[in-house]
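Peer 1: Whatever this is, show me its structure:
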Amino acid sequence: MTLEELEKIIEKTNLFDPFIGVVREIKNNKIIQTLKVKENHLGAPDTCHGGVLASLMDSVLGLTTWVDSVPKGFYCSTVEFKINYLNRAMLGDVIVGEGDIVHRGNSLVITEGIIYCKEKDLLISKGLGTFNLYPKKN
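Peer 2: Predicted structure coming up:
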């Protein structure tokens, strides 16, 4: 799946990610999402709100599933996900989210993801999610 194909689908189905300012790329069939922490992302004077990190993690986990599943004729929806907040993301940080598929069954996919600040060599959070596959309507 190309980034252009993915963005066309997201444009029709997900209006939230652009609202928080996520930038995407696909490398080696893996989704990578980047977000610069701005003032509207803060939950404390200089710290990114946990809800922004949770949104980014949900997107990383879900789109990791999409990149694998959409070419096979399936979309997915989040069944559940868990996030561990390990360090703070600060105003001005550029944070990166990446994911991997742990298990792909007939109807459920389990993915894991990380969010990190490359400039600080700092792991911000880890996540694990379960996604339900459903047929893509043409």
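Peer 1: how about the strands in this protein?
Peer 2: Ranges of strands in the chain, per DSSP state E, are 23-27, 30-36, 74-85, 94-104, 108-117, 122-135.
Peer 1: Buried by neighbour count: which residues of the second one qualify?
Peer 2: When burial is assessed from 16 or more other CB atoms under 10 Å, strand 30-36 yields the following buried residues: 31, 32, 33, 35. Any C-beta I mention is one placed from the backbone N, CA and C, and that applies to glycine too.
Peer 1: got the contact list for that strand?
Peer 2: If you take CB atoms under 8 Å, 6 or more residues apart in numbering as the criterion, strand 30-36 is touched by 6, 20-26, 41, 52, 56, 59-60, 63-64, 66-67, 92-100.
Peer 1: that older thread, got JSON lines for the strands of the chain, with distance to residue 12 and mean pLDDT too?
Peer 2: Output for these, formatted as JSON lines (distance: least, CB to CB, whole Å; pLDDT from 0 to 100):
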{"stretch": "strand 23-27", "distance to residue 12": "15", "mean pLDDT": "85"}
{"stretch": "strand 30-36", "distance to residue 12": "18", "mean pLDDT": "92"}
{"stretch": "strand 74-85", "distance to residue 12": "11", "mean pLDDT": "95"}
{"stretch": "strand 94-104", "distance to residue 12": "22", "mean pLDDT": "97"}
{"stretch": "strand 108-117", "distance to residue 12": "21", "mean pLDDT": "97"}
{"stretch": "strand 122-135", "distance to residue 12": "16", "mean pLDDT": "97"}
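Peer 1: tell me the most buried of those strands?
Peer 2: Of the strands of the chain, the one with the most neighbours on average (mean count of other CB atoms under 10 Å) is strand 108-117, at a mean of 21.
Peer 1: Now do that strand and strand 74-85, the angle between them.
Peer 2: 50 degrees (axes from the mean of the first three to the mean of the last three CA atoms, to 10 degrees).
Peer 1: I'd like to know which elements the longest helix seen in the chain is packed against.
Peer 2: The longest helix of the chain (DSSP state H) is helix 50-69. Judged by 3 or more CB pairs under 8 Å, 6 or more residues apart in numbering; DSSP states H and E, helix 50-69 is in contact with helix 3-13, helix 16-20, strand 30-36, strand 74-85, strand 94-104, strand 108-117, strand 122-135.
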